[in-house]
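S.K.: Sequence first, then the predicted structure:
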Amino acid sequence: MPFKRTPQTFNSSIKTVKIGTGDHAVELGGATTFPFYTFDSQSNWVPKIGVEVSDLGVGHWPAGIREYYDCAGSVAEIARKASQVKGADFVCLHFEGADPNGHDRSAEECVQIACEVAEAVEVPLVIAGSKNTEKDAHLFEKIARALHGRNALFLSAKEENYKAVGAAVGLAYGHKVGAESSVDINLAKQLNILLNQLGVSTESIVMDPGSAAAGYGFEYLVSTMDRVRSAALSQNDAMLQMPIITPVSFETWNVKESVLPEEDMPQWGPAEERGVHMEVVTAVACLASGSDAVILRHPRSIETVSSLIRALLG
Amino acid sequence: MALKGIDIFKLTPKTNCKDCGFPTCMAFAMKVAAGAVPMDKCPHLSPEVLEQLSDAAAPPMKTIRTGTGDREYVLGGETVLFRHEKTFVNKTLFSVSVCNAAADEENDAAFASAESIDYERIGERMQVEFLYINYVPGKGDDRYLDLVRRALQTDKALILSCGVPEMAERALELAADRKPILNGADSENLEAMNALAQKYGVVLGVKGRDLDELYDNTAKLESLGNKNLIIDVGIKSIADAFANAVQIRRAAIKNQDRTFGYPTIVNVGRLAPGDRLMQSALASLFVLKYGSIIVMSAMDHAQALPLYGLRQNIFTDPQKPMKVEPGIYPLNGADENAVCAVTVDFALTYFVVSGEIERSGVPVNLLIADAGGYSVLTAWAAGKFSASSIAKFIKEHEVESRIKSRTLLLPGKVAVLKGELEEKLPGWKIVVAPGEAMQLVKFLKDYK
Ligand code: B12
Ligand code: SF4
């Protein structure tokens, strides 16, 4: 008795948002089915992987990452090597050091770094801020101007600063705007609407509906993304059809599983190995729930996640 | 699938004899459809009709039990495709595999790795649940039986992977008491394997070259009266295994095709041989998308920690808040002189923070404030964890008369509350502690 297949097809699809320029441009989104459901319908959807590069360099990262970057000295040089990681589609320049409660690096210095990086790499750039909404609004305005023409994606505009970020990044300098909300489908939709009303076109918005490491409230993330994707595809909700990006590494490398020194818990084994598995497990779970792009840190994670993507898409 | 009242009515004698306590057969049928009365309240239904009705009223996916005692496990029984629709019910279980064709060192390492994982996370014991014992013909029958014997010395539940009925029976003779899973029946050995599974009363794993063959084999086994099954999604390729896992679950739950209404087994060890990181990646995928048992070639902490954390998250019931009782929790024998630390009543946060304080060995009075069951930042952003709510907690729980210490450690993530708390709690020293609980061990030791 053969199995009666009932493919689940939809009349709508996730929008595609292009980042970067020329031959090196990359498209995020475009899904027409649930993630990796190629048996329902074939599409051109391929989720993308970004490599995280910090403005603080690699000195504070695990040995295996430092080793990969070897003698790369400046942030620009690190970024150039990052763009060559096997399986990488774009580079994410993360201004950790801009945090006013941390290094409080000035906007001018950040612009300088951003320009050097833009000079050094050809792949698309994603610019991530400090998480401080005020600082980021200011920072993004400056960097967006400096990178005019690069068609970068900025992470992120939030409820508190979407007007400033949307206006500078999206309207004035034609970059793409990340819309970050906190694990709630209604908040995600609301922010997309607000940005759209501001004049940012729906083809210029990429959503970040929240992120967490596996084991740390991750179920809320899965359910939010499941619901977003369902509404986008089956209810043709245009305000939820933006592609989703998840900065996985920003979360996973902070949790105990990834950082506790081996001396403190010998049976757990080397911390770096744990960090890589935590990064991969979280990234795959995000992709399976609807992320169209993930940002990762460790070259090994990137290689594994990208070969899994290829294996699943056939 | 819920049967409609009218369908049930058609199966009644339609005599309106009222023996069921209802005025008409139709009234009775409507009540049965609503789940308000069991159908055997009508004494005039034939056994065939009763069976037909109970089949139709059965959940879309069967609940399968395997193992014994503490190691009895429940698989399947799922009712939705996405956890937000209701909840996922029976968590994915993990297995480590050994094989008579593998080198001794490899099997030794696999056995050791299965035993090495044993820890608690948020009140749940984390272990490798199964040992998967794989038979390859021509690679030593005695060697296989030795592996079975060795597995029996552990307390794990067992999966005998063996497609040769004679060998399977020899293994079952040894292990039947443990109620192992016998994997698997395929198109060639179906009858013999079925006879064995029924004789020894064990769950039978079903294999097939593709979805059609899997479907056909499952249907054949059902027609032989066996509904104690688990479906092996196969190892043809990663894409194929994923496609099978999703389509099997979707057929059962969305399309009400009960032939596929069984739990599944996914051998990620065979899908990515020799690549542990890829096995972790695949395990993550199949925790989310419908693997009931995931077989790995081995399991170390680097793999278990994120995978079990993920599983624990995914299988929590979204309808049940994960909360702990607000109150004063004295840890490490804290008395009235021990410092106070404050946090929220979200179960995850409580377990993480109390675990770290315990690890430090430093006596601490942990104050769990009523924060609506939210994490620190969520509660803070929602206005449920504030200087006022902490001060209120200290009043209401009479902390000042019960504890002499006037030092309060504040979670680093809400350092902004410090000033306001100092105003609200005169006489208290408010100390901003680290942002991550993990850093508490060093912090508390240095602080002392
Ligand atoms: C899951 C989640 C939710 C879930 C709730 C889960 C829950 N029960 O709390 C839901 C979806 C319901 C939710 C809702 C909201 N959320 Co929320 N949520 C998250 C998420 C993804 C994970 C939280 C989590 O579980 N963390 C794990 C626990 C263990 O962390 P924790 O409690 O902080 O504990 C750690 C430390 O603080 C420390 N610690 C704890 N106690 C103590 C004590 C001491 C003494 C010390 C030293 C250390 C310490 O140890 C722990 C481990 O290191 C985070 C983002 C993220 N990745 O963190 C956002 C996040 C916390 N949410 C956020 C927001 C804004 C909200 C909402 C207010 C959104 C809204 N406007 O409606 C709502 C509030 C609820 C409401 N509407 O009333 C924001 C907060 C922003 C901010 N910086 O203030 C975050 C950061 C997301 C974001 N980036 O925007 N959320
Ligand atoms: S007992 Fe059976 S036959 Fe009689 S009225 Fe009730 S349903 Fe009808």
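M.R.: The structure has been received and is ready for your questions. Ligands and ions are numbered 1, 2, ... in the order given.
S.K.: drop to CA atoms for contacts and neighbour counts, all remaining ones
M.R.: OK.
S.K.: Around ligand 2, pick out the residues from chain B.
M.R.: Taking Cα under 6 Å from any ligand atom as the criterion, the neighbours of ligand 2 within chain B are B:12-20, B:22, B:24-25, B:28, B:42-44.
S.K.: domains in chain B, as residue ranges please.
M.R.: The record's domain split for chain B, according to automatic domain parsing, is B:5-57, B:63-314, B:327-447.
S.K.: mind listing what A:Leu171 touches?
M.R.: By Cα atoms under 8 Å, 6 or more residues apart in numbering or on different chains, the contact set of A:Leu171 is A:Gly199, A:Val200.
S.K.: Let me see the backbone angles for the residue in the stretch 51-200 of chain A positioned nearest to ligand 2.
M.R.: Distances between the stretch 51-200 of chain A and ligand 2 by Cα to the nearest ligand atom are smallest at A:Ile185, namely 47.1 Å. Listed backbone geometry of A:Ile185 is phi -60, psi -40, with angles given as degrees, to the nearest 10.
S.K.: list the contacts for it?
M.R.: Listed by Cα under 8 Å, 6+ apart, the contact set of A:Ile185 reads A:Pro209, A:Thr224, A:Met225, A:Arg227, A:Val228.
S.K.: Just give the number of residues close to B:Glu105.
M.R.: 9 (other Cα atoms under 10 Å in any protein chain shown).
S.K.: worst average pLDDT in the domains of chain B?
M.R.: Of all the domains of chain B, the segment with the smallest mean pLDDT is domain B:5-57, scoring a mean of 86.
S.K.: so how far is that domain off the chain centroid?
M.R.: Relative to the mean C-alpha coordinate of its chain, domain B:5-57 is positioned 36 Å out (Cα atoms, centre = their mean, to the nearest Å).
S.K.: what does the stretch 201-350 of chain B have sitting close to ligand 1?
M.R.: Listed as neighbours of ligand 1 in the stretch 201-350 of chain B under the rule Cα under 6 Å from any ligand atom: B:Ala341, B:Val342, B:Thr343, B:Phe346, B:Leu348, B:Thr349.
S.K.: is it true that the third one touches B:Gly372?
M.R.: Right, B:Thr343. No: using Cα atoms under 8 Å, B:Thr343 is not in contact with B:Gly372; the gap is 12.0 Å.
S.K.: So if I had to pick from these two, which one is more boxed in?
M.R.: The residue with more neighbours, out of B:Thr343 and B:Gly372, is B:Thr343; 23 against 20, by other Cα under 10 Å.
S.K.: Now look at the top helix by length along chain A and say if it contacts ligand 1.
M.R.: Among the elements of type helix in chain A, defined by DSSP state H, the one spanning the most residues is helix A:271-289. No: using Cα under 6 Å from any ligand atom, we find that helix A:271-289 stays clear of ligand 1, coming within 11.8 Å at best.
S.K.: For burial, what's the neighbour tally of B:Pro330?
M.R.: Applying other Cα under 10 Å, we find 18 other residues in the vicinity of B:Pro330.
S.K.: Tell me the spacing between A:Ser211 and ligand 1.
M.R.: Taking Cα to the nearest ligand atom, to the nearest Å as the measure, A:Ser211 and ligand 1 are separated by 5 Å.
S.K.: same deal with B:Leu305?
M.R.: In terms of Cα to the nearest ligand atom, B:Leu305 sits 15 Å off from ligand 1.
S.K.: pretty sure that residue is in a helix, no?
M.R.: Yes: following the definition DSSP: H, G, I helix; E, B strand; the rest coil, B:Leu305 is counted among the residues of a helix.
S.K.: ok, it - contacts?
M.R.: For B:Leu305, the contacting residues are A:Glu257, A:Arg274, A:Met278, by Cα under 8 Å, 6+ apart.
S.K.: and what of B:Leu285?
M.R.: Taking Cα under 8 Å, 6+ apart, we find B:Leu285 in contact with A:Val284, A:Ala285, A:Ala288.
S.K.: all helices of the stretch 201-314 of chain A, in order?
M.R.: Counting by DSSP state H, counting those that start in this stretch, residue ranges of the helices within the stretch 201-314 of chain A are A:218-234, A:248-252, A:256-259, A:271-289, A:299-313.
S.K.: For A:Phe154, give me phi and psi.
M.R.: On the backbone of A:Phe154 - angles per degrees, to the nearest 10 - the values are phi -110, psi 130.
S.K.: Please, a ChimeraX command that selects the buried ones among the residues of chain B next to ligand 2?
M.R.: Listed next is the ChimeraX selection for buried residues among the residues of chain B next to ligand 2, using 16 or more other Cα atoms under 10 Å in any protein chain shown:
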select /B:12,20,22,24,25,28,42
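S.K.: so which of the residues of chain B next to ligand 2 comes closest to chain A?
M.R.: B:Thr12 (31.6 Å; Cα to the nearest Cα).
S.K.: still on that earlier bit, quick one, which of the domains of chain B gets closest to A:Arg300.
M.R.: domain B:63-314 (8.7 Å; Cα to Cα).
S.K.: Burial check on A:Glu251, number of neighbours?
M.R.: Burial of A:Glu251, expressed as a neighbour count using other Cα under 10 Å, amounts to 17.
S.K.: related to what we said a few turns ago, just give me how far the longest helix of chain A sits from the chain centre.
M.R.: Here the centre of helix A:271-289 is set off from its chain's centre by 14 Å, with Cα atoms, centre = their mean.
S.K.: Can you tell me which of the helices of the stretch 201-314 of chain A is nearest to B:Asn90?
M.R.: If you check each of these against B:Asn90 by Cα to Cα, helix A:218-234 wins as the nearest, at 15.4 Å.
S.K.: And the pLDDT at the residue in the stretch 201-314 of chain A positioned nearest to ligand 2?
M.R.: Scanning the stretch 201-314 of chain A for proximity to ligand 2 using Cα to the nearest ligand atom identifies A:Ser234 as nearest, at 41.4 Å. At A:Ser234, the model reports a pLDDT of 95.
S.K.: my guess is it contacts A:Ser12, does it?
M.R.: Yes: under the criterion of Cα under 8 Å, A:Ser234 is in contact with A:Ser12, at a separation of 7.3 Å.
S.K.: before we move on, the earlier item: mind putting the contacts of B:Leu285 into a markdown table with neighbour count and pLDDT?
M.R.: As requested, the contacts of B:Leu285 are arranged in a markdown table below (neighbours: other Cα atoms under 10 Å in any protein chain shown; pLDDT from 0 to 100):
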| residue | neighbour count | pLDDT |
| --- | --- | --- |
| A:Val284 | 27 | 98 |
| A:Ala285 | 26 | 98 |
| A:Ala288 | 22 | 98 |
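S.K.: Nearest to ligand 1 among the residues you listed?
M.R.: Lowest distance from ligand 1 to the contacts of B:Leu285 (Cα to the nearest ligand atom) belongs to A:Ala285, with 14.0 Å.
S.K.: can you tell me how far that closest one sits from A:Gly215?
M.R.: Here the criterion is Cα to Cα, to the nearest Å. By it, A:Ala285 lies 11 Å from A:Gly215.
S.K.: Around chain A, which positions in the stretch 101-250 of chain B sit nearby?
M.R.: Within the stretch 101-250 of chain B, the positions near chain A by Cα under 8 Å from any Cα of the partner chain are B:Leu211, B:Asp212, B:Glu213, B:Tyr215, B:Asp216, B:Ala219, B:Ile238, B:Ala239, B:Phe242, B:Ala243.
S.K.: among those, which ones are buried?
M.R.: Buried subset of those (neighbour count, 16+ other Cα under 10 Å): B:Leu211, B:Glu213, B:Tyr215, B:Asp216, B:Ala219, B:Ile238, B:Ala239, B:Phe242, B:Ala243.
S.K.: with those residues in mind, which one is nearest to B:Phe111?
M.R.: B:Ile238 (25.5 Å).
S.K.: Let me know how buried A:Met239 is, in neighbour terms.
M.R.: 17.
S.K.: my guess is it meets A:Ile193, correct?
M.R.: Yes: using Cα under 8 Å, A:Met239 is in contact with A:Ile193, at 6.4 Å.
S.K.: sorry, back to before: tell me which of A:Ser234 and A:Ser12 has more neighbours.
M.R.: For the pair A:Ser234 and A:Ser12, the greater number of neighbours falls to A:Ser12 (18 against 15), based on other Cα under 10 Å.
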